[in-house]
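Asker: Need coordinates for the below:
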Amino acid sequence: MNIGLIAHDSKKILMQNFCIAYRGILAKHHLFATSTTGRLIEEATGLSTTKYLTGHLGGMQQVAAQIEQNQLDLVIFLRDPLHPKSHEPDIKDVSRLCDTYSVPLATNLATAEMLIKSLDRGELEWREMYR
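Answerer: Here you go, the predicted model:
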């Protein structure tokens with residue numbers, strides 16, 4: 001499956017730790033990430049990611065296009081709802097597209113863990129029908 005990974009600046013370390021914890025599961029799938037997030041994941045885990053542009057410089061549009069073309073099966077966007085910065089990507093477009101195209105979306109660690117464990121148990125194989 002294809003997994004999109006995005007994190008606001010204040011959540012990048014959390015994303016690294018998440019990827020370290022679930023490295024065994026993530027290694028079985030194709031990872032796509034915005035530029036800095038992807039680099040940090042690669043450095044922390046040794047996992048390979050396809051990196052988009054930085055989120056606010058077009059990476060979010062690239063993620064959106066992948067969702068619209070049904071090329072992402074799961075998106076994890078760890079966001080900071082209390083302290084967003086003006087240069088950080090906005091969740092609204094990604095959320096709308098995930099809802100439109102039935103792509104599971106996690107915006108916090110608890111939901112991300114539930115989705116990644118479901119993925120490992122094969123509970124997201126229904127996504128194959130959408131391709």
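
Asker: List the buried residues in the strand or helix carrying residue 12.
Answerer: Using DSSP states H and E, the element containing residue 12 is helix 12-21. Neighbour-count burial for helix 12-21, with 16 or more other C-beta atoms under 10 Å as criterion, is recorded at 12, 14, 15, 16, 18, 19. Placement of C-beta: from N, CA and C, glycine included.

Asker: now the next helix or strand after it: how far from the chain's centre is it?
Answerer: For helix 12-21, the following helix or strand on the C-terminal side (DSSP H and E) is helix 23-26. In terms of C-alpha atoms, centre = their mean, to the nearest Å, the centre of helix 23-26 is set 14 Å apart from its chain centre.

Asker: got it, and stretch 73-87?
Answerer: Stretch 73-87 has its C-alpha centroid displaced from the chain centroid by 10 Å (C-alpha atoms, centre = their mean).

Asker: repeat for stretch 43-54
Answerer: 11 Å.

Asker: Can you measure across that stretch, start residue to end residue?
Answerer: The stretch stretch 43-54 measures 17 Å between its terminal residues, going by C-alpha to C-alpha, to the nearest Å.

Asker: go on, stretch 82-93?
Answerer: 19 Å.

Asker: And stretch 28-46, by the same measure?
Answerer: The straight-line separation of the ends of stretch 28-46 (C-alpha to C-alpha) is 13 Å.

Asker: in it, what's buried?
Answerer: Going by 16+ other C-beta under 10 Å, stretch 28-46 has these buried residues: 29, 31-35, 37-38, 40-42, 44-45.

Asker: Kindly indicate which of those residues lies nearest residue 65.
Answerer: Distances from the buried residues of stretch 28-46 to residue 65 were compared by C-beta to C-beta; the smallest belongs to residue 32, at 11.1 Å.

Asker: Per-residue pLDDT of the closest one, please?
Answerer: The model reports residue 32 with a pLDDT of 97.

Asker: Just read off the phi/psi values of it.
Answerer: Here is the backbone geometry of residue 32 (degrees, to the nearest 10): phi -130, psi 130.

Asker: With distance to residue 61 and pLDDT added, can I get the buried residues of helix 12-21 in CSV?
Answerer: As requested, the buried residues of helix 12-21 are exported to CSV (distance: C-beta to C-beta, whole Å; pLDDT from 0 to 100):
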residue, distance to residue 61, pLDDT
12, 20, 95
14, 24, 97
15, 20, 97
16, 24, 98
18, 24, 98
19, 23, 98
